[in-house]
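Student: got a predicted structure plus its sequence, pasted below:
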Amino acid sequence: MDRRNFIGKSAVAAGAFTIIPSRVMAKDSKNSIAPSETINLGYIGVGKQSYTLLGSLNKCKETMVLAACDVDKIKLGRFKEAAEKANAGKLDGGSQTVDTYENYRELLERKDIDAVVIATPDHWHAMIAIDAAKAGKDIYCEKPMALTVAEGRAMVDATRKYERVFQTGNMQRSWRNFRHSCEMVSNGYIGEIKEINVSVGDPVMACEIPAVEVPENLNWDLWVGPSMFRNYNPELAPPPDDRGWANWRAYRNYGGGQITDWGAHMFDIAQWAMGMDQSGPVEFIAPEHGAKRGMKMVYENGVVMNHTDWGSFNAVQFLGSEGNIEVSRSFYRSDIEGLTDFELKETDTPLYKSDDHYQDWIDAIKNRTRPVSDVETGHRTASLCNIVNIGYALERTLKWKPAHERFIDDDDANSMLTRPFRGSWDYHDF
């Protein structure tokens, strides 16, 4: 689709927000939602993660799926079937067709779609999200929110300019134990924070896997999209019958390694507890040559956060002057007896409370408010992760100015805050 024509149409679409009546054939039901209150969704990227999102968002009574987009014809057909089944389960015997597209801009032209769910590989997030904002769509975007710092800031700017509701997929913020642990830290229940240890996997690496023939069901050129072109390998885009996770996450230009994949979850919790959703560390101290652990992140208040295998995997450890807290998806513990069940006092400051990350987004759409993991929050977490990767690559200490989102006196590091976009793909014109 021609970008100039798309931009022109998008500017009109973004002029006002309405929840468009759904094109459904439903029987009357006391549990049904009025068509005028239905929030119609389009899914962009329908790999493995999209089914988790479909199941979770389908539980929100207001939602209906109208369209889906993917560059793999087989995956797209399977998702269409699953989404239509999900729709039918909400329509008391009625039906709602899910239309399919290879080019996401055709989906965004639909005036009856209110919001999009972006579950593509990371290198597509900024391009799609910015176009979606221009088209007047609210956005749910998987984590890590952006592949580079510059792309993340552009996503924030577009979201604010077009007054969109943006939820990042950092869903641990909607889990009780993670929120409670952050409230215990932020309200001083383990004393003064001295250090934070975050255990996640390796930094990003170069993509040197061999090329193989592209399967007929896949538009490989469109999969690569704005990134620098390389030939196909199934490790990047697995066949439809492969039930594992695609490994594009490990490679530069497509993902950010485990630093951004799991780091977008665990560093996010540390940022939340520290009250740094609008900021971040001011110094990144790289370990010795070739190390994949040992990065130190220093905040302006002196707190040091370490990327280290401290004893539990994909977990966060808060070390305070009066006690410790350790939290992951499988445990929540403290050496202060009873702390994990402690109820906040009226004089304490609670954090944003969301018990359902997906309903929180839907409610924010209806109320035109900012959800628990708003675009700025998602950007700041992704930025931290991306800077950690820059530090490991350059293997030297980096001085960072969070307010300006620039390194101090380091042109090489600053050049890594963005990346070249291929061909006619360009997210800057919004």
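Tutor: Yep, it's here.
Student: so which residues of the protein form helices?
Tutor: 3-13, 48-58, 73-88, 104-108, 125-134, 149-161, 176-186, 220-224, 257-261, 263-274, 357-367, 375-394, 411-415 (DSSP state H).
Student: kindly state the pLDDT recorded for residue 240?
Tutor: Residue 240 carries a pLDDT value of 96.
Student: how near is it to residue 120?
Tutor: 16 Å (Cβ to Cβ, to the nearest Å). (Glycine included, C-beta is placed from N, CA and C.)
Student: okay, the two: which has more neighbours?
Tutor: residue 120 (24 against 17; other Cβ atoms under 10 Å).
Student: for the protein, what are the low-confidence residue spans?
Tutor: 1-36 (pLDDT under 70).
Student: domain map for it?
Tutor: 3-172, 173-203+258-415 (automatic domain parsing).
Student: so of the ones you listed, which one's packed in deepest?
Tutor: domain 3-172 (a mean of 20; mean count of other Cβ atoms under 10 Å).
Student: next one: that domain to chain centre, how far?
Tutor: Relative to the centre of its chain, domain 3-172 is centred 14 Å away, using Cα atoms, centre = their mean, to the nearest Å.
Student: please tabulate the domains of the chain in a markdown table, including the columns distance to residue 421.
Tutor: Formatted as a markdown table, the domains of the chain follow (distance: least, Cβ to Cβ, whole Å):
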| stretch | distance to residue 421 |
| --- | --- |
| domain 3-172 | 8 |
| domain 173-203+258-415 | 15 |
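Student: what's the closest of these to residue 230?
Tutor: Closest of these to residue 230 is domain 3-172, at 11.5 Å (criterion: Cβ to Cβ).
Student: nearest to residue 235, of the domains of the chain?
Tutor: Evaluated over these, closeness to residue 235 peaks at domain 3-172, with 12.2 Å, by Cβ to Cβ.
Student: how about the strands in the stretch 151-300 of the chain?
Tutor: 166-168, 193-199, 283-285, 296-298 (DSSP state E, counting those that start in this stretch).
Student: now the most centrally placed residue in the chain: how far from residue 291?
Tutor: Central residue of the chain (Cα atoms, centre = their mean): residue 143, 2.2 Å from the mean position. Distance from residue 143 to residue 291, counting by Cβ to Cβ: 25 Å.
Student: now render the helices of the chain as a markdown table, adding distance to residue 65.
Tutor: Output for these, formatted as a markdown table (distance: least, Cβ to Cβ, whole Å):
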| stretch | distance to residue 65 |
| --- | --- |
| helix 3-13 | 19 |
| helix 48-58 | 7 |
| helix 73-88 | 4 |
| helix 104-108 | 12 |
| helix 125-134 | 16 |
| helix 149-161 | 22 |
| helix 176-186 | 29 |
| helix 220-224 | 22 |
| helix 257-261 | 26 |
| helix 263-274 | 25 |
| helix 357-367 | 13 |
| helix 375-394 | 23 |
| helix 411-415 | 41 |
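Student: right, and these - which one's nearest residue 323?
Tutor: helix 176-186 (9.2 Å).
Student: apart from its chain neighbours, what residue comes closest to residue 221?
Tutor: residue 229 (7.6 Å; Cβ to Cβ, 6 or more residues apart in numbering).
Student: does that neighbour touch residue 422 like I think?
Tutor: Yes. Using Cβ atoms under 8 Å, residue 229 is in contact with residue 422, at 6.2 Å.
Student: more crowded one of the two?
Tutor: Of the pair residue 229 and residue 422, residue 422 is the one with more neighbours under other Cβ under 10 Å, namely 15 against 11.
Student: backbone dihedrals for the more buried one, please?
Tutor: phi -80, psi 140 (degrees, to the nearest 10).
Student: on that earlier part again, select, out of the strands of the stretch 151-300 of the chain, the one closest to residue 365.
Tutor: Closest among these, using Cβ to Cβ: strand 166-168, at 8.9 Å.
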